[in-house]
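Asks: Return a 3D structure for these sequence lines:
(2 chains)
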Number of protein chains: 2
Amino acid sequence: MEIVIIGTGNVASVLGRKFKDAGHKILQVVGRDSMAASELAYNWDTVSTNYFSQINKNADVYIIAVSDNAIASVISELKLPGKVVAHTAASVPKEILKDVSNHFGVFYPLQSLRKEMMSLPDIPIFVDGNDAKAKNTLDSLAHSIANEKVAIAGDDARLKLHVAAVVVSNFTNHLYKLAEDYCKREGLDFKQLLPLIAETALRLKEVSPAEAQTGPAIRHDEETIHRHIELLKNFPQLKKIYELMTGSIQAGS
Amino acid sequence: MEIVIIGTGNVASVLGRKFKDAGHKILQVVGRDSMAASELAYNWDTVSTNYFSQINKNADVYIIAVSDNAIASVISELKLPGKVVAHTAASVPKEILKDVSNHFGVFYPLQSLRKEMMSLPDIPIFVDGNDAKAKNTLDSLAHSIANEKVAIAGDDARLKLHVAAVVVSNFTNHLYKLAEDYCKREGLDFKQLLPLIAETALRLKEVSPAEAQTGPAIRHDEETIHRHIELLKNFPQLKKIYELMTGSIQAGS
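Replies: Presented below is the predicted three-dimensional model:
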């Protein structure tokens, strides 16, 4: 397909690389940050602009990969009748695009993406569209970069998926961060925890998290829990989280 | 080295396999569960007993890999003068072994280990000993199965490492479990989150968790946070955790 990418951030950068690797042609990169746009365009053998008035009107698909709050202003003067136009946001209804084109939808990558990534991870894609043309086009674009990891998800399902993603990614990362702070202050090497962190995540391919739960909380080992909470008396944030998580694990066991 | 393994659970099973793979000889498996003990012994080409009175006295090292609470009763009649004896528990002081031998210590694997594991993960080992003989013997045993991932950790450091391990493993696993429950009840496929979970854990090799934090909390995107909390009104446990974690992320940003 021929694609125009609007945006120059993490999602735009990574999706563009995936599109390119899958053999699609990126006709143009459109972004307010002209340095970033021309850098991406250079990488992808194409051109860039920072004027929305100069957008190339000949693509099959337009992917708007900008932050949630920026979508409304980016599309305010955009008219692409007959083209398939999609944004990439979990929490923004597809209807926001209804004045841009008669074929609009969403192309939501359920992943944590960073420009700097050397190797790209698996990226499940959830697509939605207002009509068959939008749905089918986005679905086949998604299949070309995500193999079997593609599903249809309407606004409601996408919002719920985002809640689950926040829990398993943003919140676990925050636990890693609190543990790193704790290790630093206690003179321990956080890097020694990386094999444990990897195993805890990767074993979910083999066992469900309900079966995999271990530790003092689920064993109701109150002596160890008590000693741990003592050790956290100078870490009030982590202490509160320790108590709530321990209670939550025990409530379900 | 010639090793006797006491215990037949997850830690005993996995450490025994690692010892065997590294070329050590397992002289005997000692366990109250005679079925489990004879099964491990069969796998490792050795013998087993469920009588502590019949323990083989000719090994170099005795590894007591039983649950924290069981250590005291297991060692109550154990006398192994001149031998190196170690338990594998994070939270139990090494001194508990002082009447078993004059060379005692700890051999703590900082990992989540399961008997059923097909391929064994990296296992950082923290060793401690009451004297040079215990320390050196356990240190070289650790190096033989963990390459460079070996460190000395006294009772205090080990207890603190355990707190950090609980945070990054038991608590993250509980978040996975709550997300799985949520997905089930909302008709979503939890498996679609596995690439995101893997990426969130594995990227720590490249970026620190402090740099990697993303999501509505750190962006102070109150509108999305509010919609998420609305969606969690029938999930009181997860709602409370969502609010506390969001507040904790924002407090540090």
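
Asks: Tell me where the stretch 151-253 of chain A is predicted with low confidence.
Replies: Along the stretch 151-253 of chain A, the parts satisfying pLDDT under 70 run over A:253.

Asks: And the helices in it, which stretches?
Replies: Read by DSSP state H, counting those that start in this stretch, the stretch 151-253 of chain A holds these helices, from start to end of the chain: A:155-165, A:172-186, A:194-202, A:209-212, A:222-231, A:236-251.

Asks: Redo those helices as TSV? Include distance to residue B:110.
Replies: Where C-beta positions appear, they are placed from N, C-alpha and C, glycine not excepted. Rendered in TSV, the data for the helices of the stretch 151-253 of chain A read as follows (distance: least, Cβ to Cβ, whole Å):
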stretch	distance to residue B:110
helix A:155-165	28
helix A:172-186	12
helix A:194-202	6
helix A:209-212	17
helix A:222-231	15
helix A:236-251	18
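
Asks: Now render these as JSON lines, adding distance to residue B:36 and mean neighbour count.
Replies: Below are those laid out as JSON lines (distance: least, Cβ to Cβ, whole Å; neighbours: other Cβ atoms under 10 Å in any protein chain shown):
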{"stretch": "helix A:155-165", "distance to residue B:36": "38", "mean neighbour count": "20"}
{"stretch": "helix A:172-186", "distance to residue B:36": "33", "mean neighbour count": "21"}
{"stretch": "helix A:194-202", "distance to residue B:36": "23", "mean neighbour count": "21"}
{"stretch": "helix A:209-212", "distance to residue B:36": "19", "mean neighbour count": "16"}
{"stretch": "helix A:222-231", "distance to residue B:36": "25", "mean neighbour count": "16"}
{"stretch": "helix A:236-251", "distance to residue B:36": "27", "mean neighbour count": "17"}
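
Asks: Can I get those helices in CSV including distance to chain B?
Replies: As requested, those are arranged in CSV below (distance: least, Cβ to the nearest Cβ, whole Å):
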stretch, distance to chain B
helix A:155-165, 5
helix A:172-186, 4
helix A:194-202, 4
helix A:209-212, 4
helix A:222-231, 5
helix A:236-251, 5
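
Asks: closest one to residue B:11 among those helices?
Replies: Taking Cβ to Cβ, helix A:194-202 is the member of those nearest to residue B:11, at 13.6 Å.

Asks: Identify all contacting residues around the closest one.
Replies: Helix A:194-202 is touched from outside by A:176, A:212, B:110-112, B:121-124, B:149, B:165, B:168-169, B:172-173, B:197-198, B:200-202, B:204-205, with contacts defined as Cβ atoms under 8 Å, 6 or more residues apart in numbering or on different chains.

Asks: Please compute how far that helix lies from its chain's middle.
Replies: Distance, stretch centre to chain centre, for helix A:194-202: 20 Å (Cα atoms, centre = their mean, to the nearest Å).

Asks: what about the residue of the stretch 1-150 of chain A at minimum distance from chain B, neighbour count?
Replies: Proximity of the stretch 1-150 of chain A to chain B (Cβ to the nearest Cβ) peaks at residue A:122, 3.9 Å away. The local packing count at residue A:122 equals 14, with neighbours defined by other Cβ atoms under 10 Å in any protein chain shown.

Asks: same check, this time on the one 3 residues further on
Replies: For residue A:125, the neighbour count with other Cβ under 10 Å is 26.

Asks: circling back: indicate which one of the helices of the stretch 151-253 of chain A is closest to residue B:71.
Replies: Distance to residue B:71, taken as Cβ to Cβ, is lowest for helix A:222-231 among the helices of the stretch 151-253 of chain A, at 13.0 Å.

Asks: Can I get that closest one as CSV, trimmed to CA atoms?
Replies: Taking Å, rounded to 0.1, in the frame of the first residue of the first chain, the C-alpha atoms of helix A:222-231 are listed here in CSV:
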residue,chain,number,x,y,z
GLU,A,222,2.9,-13.2,58.4
GLU,A,223,6.4,-13.3,60.0
THR,A,224,8.2,-12.5,56.7
ILE,A,225,5.6,-9.9,55.7
HIS,A,226,6.0,-8.2,59.1
ARG,A,227,9.8,-8.1,58.7
HIS,A,228,9.5,-6.7,55.2
ILE,A,229,7.2,-4.0,56.3
GLU,A,230,9.7,-3.1,59.0
LEU,A,231,12.4,-2.7,56.4
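
Asks: helices or strands up against that helix?
Replies: With contacts defined as 3 or more Cβ pairs under 8 Å, 6 or more residues apart in numbering or on different chains; DSSP states H and E, helix A:222-231 has these neighbours: helix A:236-251, helix B:155-165.

Asks: show me the contacts for the nearest residue to residue A:213 once chain neighbours are set aside.
Replies: With sequence-adjacent residues excluded and distances taken as Cβ to Cβ, 6 or more residues apart in numbering or on different chains, residue A:213 is closest to residue B:173, at 5.7 Å. The contact partners of residue B:173, taken as Cβ under 8 Å, 6+ apart, are A:200, A:209, A:212-214.

Asks: ok, back up a step: verify the contact between the residue of the stretch 1-150 of chain A closest to chain B and residue A:150 for me.
Replies: No: counting by Cβ atoms under 8 Å, residue A:150 is not a contact partner of residue A:122; they are 11.4 Å apart.

Asks: For the stretch 1-150 of chain A, which segments count as helices?
Replies: In the stretch 1-150 of chain A, helices defined by DSSP H, counting those that start in this stretch lie at A:10-21, A:34-43, A:71-75, A:132-146, listed in chain order.

Asks: Of all these, which one is nearest residue A:160?
Replies: Short answer: helix A:132-146, nearest of the helices of the stretch 1-150 of chain A by Cβ to Cβ, at 19.1 Å.

Asks: Rounded mean pLDDT for the closest one, please.
Replies: Taken as a whole, helix A:132-146 has an average pLDDT of 97.

Asks: Need the contact partners of that helix.
Replies: A:1, A:3, A:15, A:18-19, A:21-24, A:60-61, A:84, A:86, A:103-107, A:122-125, A:127-129, A:150, A:152.

Asks: Out of these, list just those in strands.
Replies: Among those, DSSP state E puts A:3, A:61, A:84, A:86, A:103-107, A:125, A:127-129, A:150, A:152 in strands.

Asks: Taking the stretch 51-200 of chain A, what residue is nearest to chain B?
Replies: Taking Cβ to the nearest Cβ as the measure, the stretch 51-200 of chain A has residue A:170 as its residue closest to chain B, at 3.4 Å.

Asks: Could you find the closest non-adjacent residue to that residue?
Replies: For residue A:170, ignoring the flanking residues on the chain, the nearest one in space by Cβ to Cβ, 6+ apart is residue B:215 at 3.4 Å.

Asks: residues contacting the one you found?
Replies: Each residue near residue B:215 by Cβ under 8 Å, 6+ apart is listed here: A:166, A:169-170, B:249.

Asks: try residue A:16
Replies: For residue A:16, the contacting residues are A:5, A:26, A:29, A:40, A:43-44, by Cβ under 8 Å, 6+ apart.

Asks: From those residues, list the buried ones, please.
Replies: A:5, A:26, A:29, A:40, A:44 (16 or more other Cβ atoms under 10 Å in any protein chain shown).

Asks: The closest residue to the third one other than its chain neighbours: neighbouring residues, count only.
Replies: Think residue A:29. Distances taken as Cβ to Cβ, 6+ apart place residue A:48 nearest to residue A:29, at 4.2 Å, with adjacent residues excluded. Other residues near residue A:48 number 23, with proximity taken as other Cβ under 10 Å.

Asks: gap between residue A:232 and chain B?
Replies: When distance is defined by Cβ to the nearest Cβ, to the nearest Å, residue A:232 is 7 Å away from chain B.

Asks: That residue - how many residues pack around it?
Replies: Counted with other Cβ under 10 Å, the burial measure for residue A:232 works out to 19 neighbours.
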